[in-house]
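> Provide a 3D model corresponding to the input given below.
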Amino acid sequence: MLGVYDEQLRAAEKAQTSYSEFVAGLLRAQWHDRQESALEWRIRRANLPERWSLESFPWARQPGVNRSRCAPSPNSTSSPSTRNLVLTGPTGVGKTGLACGLLLKALQNGHRCQFIRAQDLFDEMYASLADRSTRQLLNRLARLDVLLIDEFGYLNLKPEQSNTFFKLMEERYTRHSTILTTNLGYDEWQNFLGNNRWWMRC
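Next comes the predicted model:
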């Protein structure tokens, strides 16, 4: 409020606004500043690697992507869909950029989100088995409104990691949204994750 006081005062004197209008302008400026600060905090906490947005995504270069299904209303504050989203394709086609744009939109609407690379996720899961913190890790990830797992595939997983991952997906399924980006075709998922067919319900 102090930072915009002089500017607001000059504008009020020029427009000859009332005291109540002047105070209302200061309060609006403070509210917007708090909203922006809260968004920056959520973005940092979400570990979003890049500020990709749906507005700047090169839709024309990806005619196979249905923009109307990916771009929610910018004024929407309702909970994100509980459906899961899998973005597949070779390297360099924009999967991560589009996924980050969706995550940023959810963050802008006030939701709890996190970006994590698949390798880091499975490393955390394996480490949690050693110190018996798996339940705490699952609780934290299961509560997120949107969880984005990037670069899913071509990893050497141990059965314990796969089992922990399936447990996480079961706890999120029908409750919160999970976004996966991968260069694996669905027929390759069984070799990667094992025989559990959770992904067939995505």
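
> Please, where are all the helices along this structure?
For the chain, applying DSSP state H gives helices covering 2-15, 19-46, 67-70, 95-108, 118-131, 134-142, 159-172, 189-193.

> got the buried residues for the first one?
What that stands for is helix 2-15. Residues 4, 8, 12 are the ones in helix 2-15 that count as buried (16 or more other C-beta atoms under 10 Å). To be clear about C-beta, it is placed using only N, CA and C from the backbone, and glycine gets the same treatment.

> From these, pick the one nearest Ser133.
Val4 (45.1 Å; C-beta to C-beta).

> Is Phe115 bridged to anything, and to what?
Assessed by DSSP bridges, Phe115 has beta-bridge partners Leu148.

> ok, and which of the helices of the chain has the densest surroundings?
helix 95-108 (a mean of 22; mean count of other C-beta atoms under 10 Å).

> who touches that one?
Among residues not part of helix 95-108, those counted as contacts by C-beta atoms under 8 Å, 6 or more residues apart in numbering are 39, 42-43, 46, 48-54, 56-57, 62, 65, 70-72, 74, 80, 85, 87-89, 113, 115, 145-146, 148, 150-151, 177, 179, 181-182.

> And the buried residues of helix 2-15, which is closest to Gln35?
For these, the closest approach to Gln35 (C-beta to C-beta) belongs to Val4, at 14.4 Å.

> Look up the closest residue to that closest one, ignoring the ones flanking it.
Among residues not flanking Val4 along the chain, Ala29 sits closest, at 4.5 Å (C-beta to C-beta, 6 or more residues apart in numbering).

> contacting residues for the one you found?
1, 4, 8.

> go on, Gly92?
Residues touching Gly92, when contacts are defined by C-beta under 8 Å, 6+ apart, are absent altogether.

> Report the central residue of the chain.
Central residue of the chain (C-alpha atoms, centre = their mean): Leu103, 2.9 Å from the mean position.

> Against His111, how distant is that one?
Leu103 is 9 Å from His111, where distance means C-beta to C-beta, to the nearest Å.

> Show me how far the helix or strand of the chain with the lowest mean pLDDT is from its chain's centre.
Sorting the helices and strands of the chain by mean pLDDT, DSSP states H and E puts helix 67-70 at the bottom, at a mean of 73. From the chain centre to the centre of helix 67-70 is a distance of 16 Å (C-alpha atoms, centre = their mean, to the nearest Å).

> Show me just the buried residues among the contacts of helix 95-108.
42-43, 46, 48, 52, 54, 57, 62, 65, 70, 72, 80, 85, 87, 113, 115, 145-146, 148, 150-151, 177, 179, 181-182.

> Where does the prediction get shaky in the protein?
Applying pLDDT under 70 to the chain flags the ranges 71-81, 195-202.
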